[in-house]
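> Whatever this is, show me its structure:
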Amino acid sequence: MFHTPILPFARKRSIPVDASVPRHDVVKFMDVRLYLVERKMGRSRRNFLTQLARSKGFIVDDILSDDVTHVVSEDSQASSLWKWLKECAPKNLPGVNVLDISWFTDSMKEGRPVAVETKHLIQEPLPTEGSPSPPVATVSQYACQRRTTLENHNQKFTDAFEVLAENYEFNNMDGQCLAFRRAASVLKCLPWVVWCLGATQDLPCLGQHTKEVMEELLQCGRSFEVEELLSDERYQTFKLFTSVFGVGPKTAEKWFCRGLRSFNDILTDPSIHLNRMQQSGFLHYGDISRAVSKAEAVSLRSIIDEAVHAIAPAAAVALTGGFCRGKEFGHDVDLIVTTPELGMEESLLPYVTDELKKQGILLYCDYQASTFDMRKLPNHHFEAMDHFSKCFLILRLEGSQVEGGLHCAEGDSRGWRAVRVDLVSPPMDRYAFALLGWTGSRQFERDLRKFARKERGMLLDNHALYDKKKKQFLEASTEKDIFAHLGLEYMEPWQRNA
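This is a model prediction of the structure:
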């Protein structure tokens, strides 16, 4: 009797999980990207959990890439798991949450990514004595060595830090203000999102207070200290008063201590005497407190350029500040006006403002003559304002002069707006230093000066670069020359958004 041989069933091949989210699933959590480790979990269970997560709006990748924010594993052996992860070597591994399956289970129950707690983390084992330390990607303490674009992956932290820094500035607490600005600057340069506090352990400039704020944001989704400030009468009043052109923290404090809380309080108090700048600040407040668009800045540069060339055909006008760093909006327009004829720059700006006055577009002008004297350099104490000839202006900008129209308030039918414009006119041989200083950002410039002083024994400001060891000034015709003197890799302006 013949028996039909019993053949083993052919094992079905598992269909690989697509790295992208299926089209029929709706992505709810764009900032969270999961990777499920197949080791110990098994392929079929991994496929099931992947589909479950996607059905609830999560993004799940099949490949461990630099985009992954949460790695989930059922492997309880931390040493073997971390060894495997390092072999895969994603660049942003220090910024990834490596989590036990319990975090995934809790998130599925809640239908959203739950806050990462210590109990969820699979911590990397500490190296044993004598074993080599794993290589750590270092982040420089100096902003001038960190390429920082406008792409900020950690805005929820940096926004909170800016509020706290601003409050410390209002209270004349410079140390605490600078600490939060430095911390914000470091987080802005990171190419990955900070999902757990452990990922920040090797980052510079993050003190205890900044980490406490970050931990609160990670665990609660908000900072109670920041929320308290945002509803604080003193902070809100200082913020309101200092938004006026010509009003600084000291004036704001004086008015606050007198019981003034609103613009109406100031403008109706007969004992308050506003200077010219403050009068113009209140007069044009609706316009100059509103953001200036890049199109408006380009238009104003053309207007100034035309006025300059009517007087000095060989002169040049350069747009600096945030617009030079790639920003689409700013609070004013900064322009450098220079001419190859040494000495002529000192008289150039009065001619330019006369021309603007003839055109009927000069609404306010504060001209400061040059006090620059190379014999008084180097300056061992940095001054916030340089000594070149400069003008602080408010100009009338017509909508017809702006490509795409004005950035105006809704319902404004005037067809023009007032815009704040700053002009500075350095000698041609100081142009590179002025351009570097006026381009910013403020934290980038602060760290560049600090780096020059501490690491290179040099003094840098908007006027010159002085080598203290050689006891001589170093010449530069371009920004690249200054970076080269400092032994720094050159950074384009759009990489200086620290």
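
> how near is Phe388 to Cys177?
Here the criterion is C-beta to C-beta, to the nearest Å. By it, Phe388 lies 27 Å from Cys177. Every residue, glycine included, has its C-beta placed from N, CA and C.

> typo on my end, it should be Lys480
32 Å.

> out of these two, which sits in the busier spot?
Neighbour totals were compared for Lys480 and Cys177, and Cys177 leads with 18 against 12 (other C-beta atoms under 10 Å).

> Am I right that the more buried one sits in a strand?
No - per DSSP: H, G, I helix; E, B strand; the rest coil, Cys177 lies outside any strand segment and is helix.

> Quick check, it in contact with Val163.
No - Cys177 is beyond contact range of Val163, at 11.4 Å (criterion: C-beta atoms under 8 Å).

> residues in contact with Gln141?
Gln141 is in contact with Pro204, Cys205, counting by C-beta atoms under 8 Å, 6 or more residues apart in numbering.

> Repeat the analysis, applying 6 Å as the threshold.
Residues counted as contacts of Gln141 (C-beta atoms under 6 Å, 6 or more residues apart in numbering) are Pro204.

> Tell me the predicted confidence for Pro249.
With respect to pLDDT, Pro249 scores 95.

> State the pLDDT value of the nearest residue to it once chain neighbours are set aside.
Computed as C-beta to C-beta, 6 or more residues apart in numbering, the closest residue to Pro249 that is not its neighbour in sequence is Phe170, at 5.3 Å. pLDDT recorded at Phe170 is 96.

> can I see the domain layout of the protein?
Per automatic domain parsing, the domain ranges recorded for the chain read 33-120, 143-229, 232-283, 292-429, 439-495.

> okay, how far is it across the third one, tip to tip?
Yep, that's domain 232-283 we're talking about. Distance between the two ends of domain 232-283: 27 Å, counting by C-alpha to C-alpha, to the nearest Å.

> out of the domains of the chain, nearest to Val26?
domain 33-120 (5.8 Å; C-beta to C-beta).

> Quick one: mean pLDDT for the closest one?
Here the average pLDDT along domain 33-120 is 84.

> measure it end to end?
17 Å.

> Ok, stretch 373-384 next?
First-to-last residue span, stretch 373-384, C-alpha to C-alpha: 17 Å.

> and that stretch, how far out from the chain's middle?
Chain-centre distance of stretch 373-384: 29 Å, with C-alpha atoms, centre = their mean, to the nearest Å.

> Would you indicate which residues of that stretch are buried?
Using 16 or more other C-beta atoms under 10 Å as the burial criterion, the residues of stretch 373-384 that qualify are Pro378.

> For that stretch, which outside residues touch it?
With contacts defined as C-beta under 6 Å, 6+ apart, stretch 373-384 is touched by Leu459, Asp461, His463, Ala464, Tyr466.

> can you count the residues close to the second one?
So that's Asp461. 22.

> Return the residues in contact with it.
Residues near Asp461 by C-beta under 6 Å, 6+ apart: Phe382.

> still on that earlier bit, nearest to Leu349, of the contacts of stretch 373-384?
For these, the nearest to Leu349 is His463 (17.5 Å; C-beta to C-beta).

> Next, work out how far apart that closest one and Arg258 are.
His463 is 39 Å from Arg258, by C-beta to C-beta.

> ok, residues contacting stretch 114-126?
The contact list for stretch 114-126, computed with C-beta under 6 Å, 6+ apart, reads 78-79, 82, 97-100, 102-103, 106-107, 196, 219.

> mind putting those residues in JSON lines, secondary structure, distance to Pro313 and neighbour count included?
Converted to JSON lines, the contacts of stretch 114-126 look like this (DSSP: H, G, I helix; E, B strand; the rest coil; distance: C-beta to C-beta, whole Å; neighbours: other C-beta atoms under 10 Å):
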{"residue": "Ala78", "secondary structure": "helix", "distance to Pro313": "71", "neighbour count": "16"}
{"residue": "Ser79", "secondary structure": "helix", "distance to Pro313": "72", "neighbour count": "10"}
{"residue": "Trp82", "secondary structure": "helix", "distance to Pro313": "67", "neighbour count": "19"}
{"residue": "Asn97", "secondary structure": "strand", "distance to Pro313": "61", "neighbour count": "23"}
{"residue": "Val98", "secondary structure": "strand", "distance to Pro313": "64", "neighbour count": "22"}
{"residue": "Leu99", "secondary structure": "strand", "distance to Pro313": "66", "neighbour count": "24"}
{"residue": "Asp100", "secondary structure": "strand", "distance to Pro313": "71", "neighbour count": "17"}
{"residue": "Ser102", "secondary structure": "helix", "distance to Pro313": "73", "neighbour count": "14"}
{"residue": "Trp103", "secondary structure": "helix", "distance to Pro313": "68", "neighbour count": "21"}
{"residue": "Asp106", "secondary structure": "helix", "distance to Pro313": "71", "neighbour count": "17"}
{"residue": "Ser107", "secondary structure": "helix", "distance to Pro313": "67", "neighbour count": "24"}
{"residue": "Cys196", "secondary structure": "coil", "distance to Pro313": "60", "neighbour count": "22"}
{"residue": "Gln219", "secondary structure": "helix", "distance to Pro313": "63", "neighbour count": "12"}
